[in-house]
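got a predicted structure plus its sequence, pasted below:
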Amino acid sequence: MIKNYIITAVRELNKKKFYSIINMVGLAICLAISTLIILWVQDEKSFDTFHKDYEQIYTVNSILQNNDKEQVWPTSPAPLFKFAQQLPEVKNASRVNLEESATLVDDKKKQTYSDIDLVYVDQNFFSLFNFPLHAGSIENFQQDLAAILITQNLAKKLFGEESPIGKSIRKNNTTFIVRAILQDIPQNSSIRFDAVIPLTFYAKRFTENGGNGEWKTIDEDLGNFYFSNYIQINKNVDPAQVAAKISDYYKKAQKTEVTIQYRLAALKDIHLISPEGNQTARRTVQIFSVIAILLLIIGAVNYINLSTARSLERIKTIGIRKVIGASKKQLFFQFVIESVIIFSVALILAILLILLLIPSYNELAGKSLAFTLSNPEICIYLTCTLLGTLALSSIYPAIYLASFQPVQSLKGQSTQQDGTNRLRRALVIIQFSISIILIICTIVIRNQLSYMRKMDLGYAKDQVFTVPLSDEHIKHADAIISELRQSTSIAAASLSGFYSIMDYGNATGDINWPNKTKENQAIVGRATIDQNFIPLMGMKFVAGTNFTGLPSDSSSYIINETLAKQMGLKPPYIGAQMSLHEVPGKVIGVLKDFNFKSVKEKVGPIVLWTRQFKGTLYIKSNADHIPEAIKTIEKIYNTTPSERPFSYNFIDDQFDKIYKSENRTAFLFNLFAGVAIFISALGLFALSTYSAQIRIKEIGIRKVLGASVFGIVKLLSREFVILVFIAILIAAPIAYYLSISWLQTFAYKINLNVFTFILGSILSLSIALFTISLQAAKAALANPIHSLKDE
Amino acid sequence: MSAKNMIKITNLQKYYRTEEVETVALNNLNIHVKEGEFVAVMGPSGCGKSTLLNIIGLLDDLDEGSYLFNDIEVAKFKERGRSDLRKHNIGFVFQSFNLIDELTVFENVELPLVYTNVPAAERKKRVEEVLEKVQIMHRRNHFPQQLSGGQQQRVAVARAVVNNPKLILADEPTGNLDSNNGNEVMQLLTELNEAGTTIVMVTHSEHDAKFSDRIIRMLDGQVIMETTSLGS
């Protein structure tokens, strides 16, 4: 029996190649793309879940209450760890200090390796987290101040195939010995590093360097907020309760009046929710999950539509089979088997498609996703998806086809045609509603990203690049700058503490001004610049003037508008008293706000001064002289011997790097929306082809009676156009709601306007019209003699 | 001893209803068909012949009256009972052959056996036998479109008889055939009848009707005359 079903199904599919291919390809694309989306979603959700106790691990965020606003920092002072350890609710705790872009030197090979991410960790780090060893030992790690652990990746980079254990590597003036190799950090880890140095080393150096004011050890230093404190709390303990205890402790231990609170953020949420609570990433994961389901629905809808639309053609065969003795059940299974065959072929195609697409997909998504059928989760997902879609899309057509009355069937009539027409129309509306929602959302995302890209950041980034300087270069910075000024390719040069103007995290709470209240606490961005920086970057003054380059600058501060507001300053601002790190001075200028962090966040307060460390050279080249400018600086740089090789970064590139993730998300969204629209159009194409076919005789008669080609195209298109219009009415409010809730996650956003919706509607209508007209025109242009002779 | 009735239909009423009109298709109709009989039903288009044939074949419902098939009242049978009775007792031959285009000659003939769960080996044997009988064995692997009309109808007859039905219902079996092919098919039906199969055939052709034992003539949904066929 089954053999007969299969033979019939295969021949039926072969006979109707066009529909079979549309069905299979449509389903395969839907299955493949939704699987790729699910892989991405799974990966995003899997961040930090490889740690055994990830559900109980939290990081301590610092919250600064500033009137009614709060500022959140993902880091906190080192002593909190000590206190947390004493709490009965806390099972384990560890503190980590990250040093980004460090330079390591192999003196034997005379090789320098820059951009190494280092962490200083305590011993608990290895019991709290799962970062397993590959080789070597971490016993007595904290006692061994010369110990360094490196990842397999870094080991390969530094030592190639040689065994790294026992080898030495230098960082600044300290030589470290590789004691162990750590397995590479999983790609889905929020905590990322290349090498690990004992925290005891860091603590010793901190004390040797004089500590931080009156705090001489890291265990006392309540002023610096650059530790990530991780704690594991017992099950069933409320993290808020633990955070309250930590806040209390801090309040008691801190001698000055501050209103800093601490909050625990779950490790598993770190990747998707920013410390400030921005949930764009999480929302994106949710949106993508929904798109995966929508794609499957669109695929299933196509299948139902094509199967039921073709029923008229099959009705006679069904009648014959019934007359011969086929029962409803037998016919039902025959159609289900046909679906199973289509789905099986679609599955094989989908798997091939996934394997084909996954390398490019990984590149686009910036991931290293793997698709393998030996992964039980993938197998379960594919099986469930397949069975779900199969059930959704095959049961109705099978029941529908099997229930034809034999006598009417033999005459080629169906008593249920009206009902299925209604269903088919409803399904087309659903399918197009989904597509229109996606089109509108795509336009909104595109507009928002383009708005962010074109937003006035408060400075001009064109032709500006930065060169990080080594300690040796910093010593000769003035000479370097005056040499640079002589080059015709360079318009301006400046020395600054802004290691990145786009993503600058250096900040302090050690700022004071007269009448500063207890409620008005702030962590303020703090950067060192010279007198050339503001003109080079084209920043605008709201009031006051720039630094002069004279010694008097040491008691001058330039602040931004946000800080001026926070300090309660009123125009003309100038001359207001303030102190930074207990150095008193006065405000000489107020700058128009500029974005020194992601434009997703509101501009925070920042103070600029001339003292302290300036390690980054800012160069603005003359237009069309960029390569020369780079060559000039490289030449000057290389005249001073240093371990840090010359490197440069265009601000434009930094910008692209910062918004890479947004751009990737937008690209993926465009891609997924495009696939959804393509599949819907494919379904509509097949449906309109079919519609033209069954009306071929009517078209013939109309043509004989004098109908024009346009008239016939209009006749055939009208129904679908009405359906798409209804879909627009359904989709617009849903798209509006989704867009508004997505835009809410941005501090600076576009205004939604009617034009976006009109454009989305016109676009979808055009796609539908184009699709339908292709077939309608073909039918209308056909010679009526053939269609009329068909009887 | 005269043969017993295979079909006994009494006071049959059949209406076709649309939203506005009710048309009487069969009106107070009474007929019987004996086991082994060959009956031709004749009449002008629209007189209800095919409707009657469909009711006899349990493809259509009757609105009023009684239908005894081998002394069993089948008028109120549900879909499943009808389907069972049909596949074990009745074979159909249509004017337009009604072969399934996607199946070969062999598979078309095999289909009724598939639906009655006959084992594969048995199916093969029976299909080959019946294909030999209708002289189409050499075309067993062809598809219907590759055959002439006469050959297609021979396949249809083969399919109708493969399950050894007690009754064959033929609806204008020669309507789409030329006279030579038509005669061949009629010859085939006659042979089946001689072998014991009851046949009810709807036809417009006086020539074909002559192959039957009895002719029932209908007009406007009623039997107006029954005659013994001159050819029998």
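Nice, I can see it.

drop to CA atoms for contacts and neighbour counts, all remaining ones
Fine.

now for the helix or strand containing residue A:300, which elements pack on it?
Using DSSP states H and E, residue A:300 sits within helix A:280-309. If contacts are counted by 3 or more C-alpha pairs under 8 Å, 6 or more residues apart in numbering or on different chains; DSSP states H and E, helix A:280-309 sits against helix A:17-45, helix A:376-402, helix A:417-454, helix A:660-694.

counting by contacts, list what the helix or strand just after the longest one packs against.
Toward the C-terminal end, the helix or strand that comes next after helix A:417-454 (DSSP H and E) is strand A:464-468. Using 3+ C-alpha pairs under 8 Å, 6+ apart, the elements in contact with strand A:464-468 are strand A:616-621, strand A:649-650, helix A:651-658.

send the alpha carbons of strand A:464-468 over as CSV?
Output of strand A:464-468 as CSV, limited to C-alpha atoms (Å, rounded to 0.1, in the frame of the first residue of the first chain):
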residue,chain,number,x,y,z
VAL,A,464,41.3,62.0,11.8
PHE,A,465,43.4,59.1,12.9
THR,A,466,45.0,58.1,16.2
VAL,A,467,48.4,56.6,17.0
PRO,A,468,48.9,55.0,20.4
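
related to what we said a few turns ago, angle of the helix holding residue A:300 against helix A:660-694?
Orientation of helix A:280-309 against helix A:660-694 (axes from the mean of the first three to the mean of the last three C-alpha atoms, to 10 degrees) gives an angle of 10 degrees.

how big is the angle separating helix A:280-309 from helix A:17-45?
Interaxial angle of helix A:280-309 relative to helix A:17-45 (the same axes, to 10 degrees): 160 degrees.

quick one, strands of chain B?
B:5-17, B:22-34, B:38-42, B:64-69, B:72-73, B:90-94, B:167-171, B:198-202, B:214-219, B:222-228 (DSSP state E).

same list (those) but as CSV, adding mean pLDDT and distance to residue A:703.
What follows is the strands of chain B, written out as CSV (pLDDT from 0 to 100; distance: least, C-alpha to C-alpha, whole Å):
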stretch, mean pLDDT, distance to residue A:703
strand B:5-17, 92, 34
strand B:22-34, 91, 35
strand B:38-42, 95, 40
strand B:64-69, 94, 46
strand B:72-73, 94, 53
strand B:90-94, 90, 34
strand B:167-171, 93, 36
strand B:198-202, 95, 39
strand B:214-219, 94, 40
strand B:222-228, 90, 43
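
for those strands, which one sits closest to chain A?
The minimum distance between chain A and those falls on strand B:90-94, with 7.3 Å, by C-alpha to the nearest C-alpha.

ok, now which ones touch the one residue in chain B that gets nearest to chain A?
In chain B, no residue comes nearer to chain A than residue B:87, which is 4.4 Å away by C-alpha to the nearest C-alpha. For residue B:87, the contact set (C-alpha atoms under 8 Å, 6 or more residues apart in numbering or on different chains) comprises A:323-326, B:112, B:115-116, B:163.

format the helices and strands packed on helix A:280-309 as a markdown table; extra columns: mean neighbour count, mean pLDDT and distance to residue B:126.
As requested, the helices and strands packed on helix A:280-309 are exported to a markdown table (neighbours: other C-alpha atoms under 10 Å in any protein chain shown; pLDDT from 0 to 100; distance: least, C-alpha to C-alpha, whole Å):
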| stretch | mean neighbour count | mean pLDDT | distance to residue B:126 |
| --- | --- | --- | --- |
| helix A:17-45 | 22 | 89 | 34 |
| helix A:376-402 | 17 | 79 | 28 |
| helix A:417-454 | 20 | 83 | 39 |
| helix A:660-694 | 20 | 81 | 39 |
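
for residue A:672, see how far away residue A:745 is.
Separation of residue A:745 from residue A:672 (C-alpha to C-alpha, to the nearest Å): 22 Å.

between the helices and strands packed on helix A:280-309, which gets nearest to residue A:485?
For the helices and strands packed on helix A:280-309, proximity to residue A:485 was assessed by C-alpha to C-alpha; helix A:417-454 is nearest, at 30.3 Å.
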